[in-house]
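Peer 1: any chance you can model this:
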Amino acid sequence: MSTPDRGALPLPDYDELTVGTLEHRIRELGVPELDQLLHYEHEHADRAMVVQVLTARKRQIDAGAPLSGGKPKGDRDR
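Peer 2: So this is what the prediction gives:
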């Protein structure tokens, strides 16, 4: 599997997101998109906290958690 280009990621601003923001934004992504981000993360910064957040979200989906809007509470009215 080749490493996806930054522009091909499901979150175009992925590299600039904080872990807290990422936790909210990935709630709208499915497993294929999470796998794409995990692969990109491992090939680039390989940040332990980001890998942990992405992996935990995949486990939640596997356990039946629904996909939901990814906007943080403060952004819902925008």
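Peer 1: for the rest of this, base every contact and every neighbour count on C-alpha atoms.
Peer 2: Will do.
Peer 1: which one's the longest helix in this protein?
Peer 2: Taking DSSP state H as the criterion, the chain has its longest helix at helix 48-62.
Peer 1: buried ones in it?
Peer 2: Under the neighbour-count criterion of 16 or more other C-alpha atoms under 10 Å, helix 48-62 has 50-51, 53-54, 57-58 buried.
Peer 1: distance between that helix and the chain's centre?
Peer 2: The chain centroid and the centroid of helix 48-62 are separated by 8 Å under C-alpha atoms, centre = their mean, to the nearest Å.
Peer 1: for it, report the contacting residues that lie outside it.
Peer 2: Defining contact as C-alpha atoms under 8 Å, 6 or more residues apart in numbering, one finds that helix 48-62 is touched by 19, 23, 26-27, 30-31, 34, 37-38, 41-42, 67.
Peer 1: try 7 Å this time
Peer 2: Counting by C-alpha atoms under 7 Å, 6 or more residues apart in numbering, the neighbours of helix 48-62 from elsewhere in the structure are 19, 23, 31, 34, 38.
Peer 1: what about that helix, average pLDDT?
Peer 2: Mean pLDDT, taken over the full extent of helix 48-62, equals 98.
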